[in-house]
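*Asks:* Structure for the following, please:
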Amino acid sequence: MCTVSYLPLPNGELLLTSSRDEKTARPSARFPVSRIINDQTVYFPQDPQGHGSWIATARKSDSALTTVCLLNGGFFAHKPRPPYRHSRGLVVLDVFHYSSATNWLANYDFQNLEPFTLIIVQSGRLWEVRWDGQTVYSRQPDPTKPAIWSSVTLYWPAIVARRETWFQTWLRQQVNFTVAGIRQFHKQAGAGDNANGMLMNRGNGLQTVSLTTIRHGAATSAIFYEDLITSQLSYRQLTTAHEHSYAY
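*Replies:* Now for the predicted structure:
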């Protein structure tokens, strides 16, 4: 599942956007769902099947933001070998039980979990963590530079490279980064390529079913969740109890 883009904004602010590619037969996610984990309120769209999520965020104080995003697969498409210990979606929520991404990396038990990639943004730092079923690999990309990731279980290396080209082309056309702008990219880039475009639909019940954007600002953070099947957009501001939901 998933394509993830990361955009740094001035003054340490950021945008993280995730397109969820999934079977339409899978039950629709619930949003917003919140859970208190390690003295912080974590917000996420919940997968009712695995009870986890592919993206979650929490703002512990005015500046301390943690956002975790999941993509299926490590480096290459793999053959599933169940049973696994639990859903990869629960790994996303498990990160919040640790004091930091560094602490999670040092102490988490990755054994008997299906391969995955995690993108973690925390306190101005960016992590890319890949588990291939045997070994954990981690690196810290430059948080001042835009980045994009595509799930290796759905997109072959040549397609991943093509999507990177779309992203770089889009970046050169931008004066500044906005929620509306990056969401438009996730809906329109690669238009005409139904199998591999950002808004993917392979005609076999597998397509892009939702779009989530997290905006972290200097004073507030917000999460925007759009169910692309029902055309319903929901918004949650992390620092208040206000919530809006509307169809369009």
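
*Asks:* going forward, measure contacts and count neighbours with C-alpha atoms only.
*Replies:* OK.

*Asks:* And the closest residue in space to Val209 that isn't next to it in sequence, how far from Arg162?
*Replies:* Once flanking residues are discounted, Val209 sits nearest to Leu228: 5.2 Å by Cα to Cα, 6 or more residues apart in numbering. Going from Leu228 to Arg162 by Cα to Cα, to the nearest Å gives 24 Å.

*Asks:* mind listing the strands in this protein by residue range?
*Replies:* Assigned by DSSP state E, the strands in the chain fall at 3-8, 14-23, 30-37, 40-46, 55-59, 65-72, 116-122, 125-131, 136-139, 147-150, 206-216, 221-227, 232-237, 243-247.

*Asks:* Deepest-packed of those strands, please.
*Replies:* strand 55-59 (a mean of 26; mean count of other Cα atoms under 10 Å).

*Asks:* Report the angle between that strand and strand 65-72.
*Replies:* 170 degrees (axes from the mean of the first three to the mean of the last three Cα atoms, to 10 degrees).

*Asks:* Give the pairing partners of strand 55-59; include direction for each.
*Replies:* strand 40-46 (antiparallel), strand 65-72 (antiparallel) (DSSP bridges).

*Asks:* quick one, that strand and strand 14-23 angle?
*Replies:* Using the same axes, to 10 degrees: strand 55-59 against strand 14-23 is 150 degrees.

*Asks:* So for strand 55-59, mean pLDDT?
*Replies:* Taken as a whole, strand 55-59 has a mean pLDDT of 94.

*Asks:* From what I see, Val129 and Phe110 are in contact.
*Replies:* No. Val129 lies out of contact with Phe110 (Cα atoms under 8 Å); the separation is 11.4 Å.

*Asks:* So for these two, which residues contact both of them?
*Replies:* Val136 (Cα atoms under 8 Å, 6 or more residues apart in numbering).

*Asks:* can you list the strands paired with strand 55-59 in CSV and add mean pLDDT and distance to Arg85?
*Replies:* Formatted as CSV, those follow (pLDDT from 0 to 100; distance: least, Cα to Cα, whole Å):
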stretch, mean pLDDT, distance to Arg85
strand 40-46, 95, 19
strand 65-72, 96, 16
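
*Asks:* need the ones you listed in a markdown table with distance to Val91, can you?
*Replies:* Formatted as a markdown table, the strands paired with strand 55-59 follow (distance: least, Cα to Cα, whole Å):
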| stretch | distance to Val91 |
| --- | --- |
| strand 40-46 | 13 |
| strand 65-72 | 9 |
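
*Asks:* Report the mean per-residue pLDDT for the longest helix seen in the chain.
*Replies:* The longest helix of the chain (DSSP state H) is helix 157-172. Confidence over helix 157-172 (mean pLDDT, whole number) is 97.

*Asks:* Hey, what's the angle from it to strand 3-8? Just curious.
*Replies:* Using the same axes, to 10 degrees, helix 157-172 lies at 30 degrees relative to strand 3-8.

*Asks:* returning to what we had before: so can I have JSON lines of the strands of the chain showing distance to His186?
*Replies:* Formatted as JSON lines, the strands of the chain follow (distance: least, Cα to Cα, whole Å):
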{"stretch": "strand 3-8", "distance to His186": "8"}
{"stretch": "strand 14-23", "distance to His186": "7"}
{"stretch": "strand 30-37", "distance to His186": "20"}
{"stretch": "strand 40-46", "distance to His186": "18"}
{"stretch": "strand 55-59", "distance to His186": "16"}
{"stretch": "strand 65-72", "distance to His186": "16"}
{"stretch": "strand 116-122", "distance to His186": "17"}
{"stretch": "strand 125-131", "distance to His186": "20"}
{"stretch": "strand 136-139", "distance to His186": "25"}
{"stretch": "strand 147-150", "distance to His186": "11"}
{"stretch": "strand 206-216", "distance to His186": "8"}
{"stretch": "strand 221-227", "distance to His186": "12"}
{"stretch": "strand 232-237", "distance to His186": "15"}
{"stretch": "strand 243-247", "distance to His186": "19"}
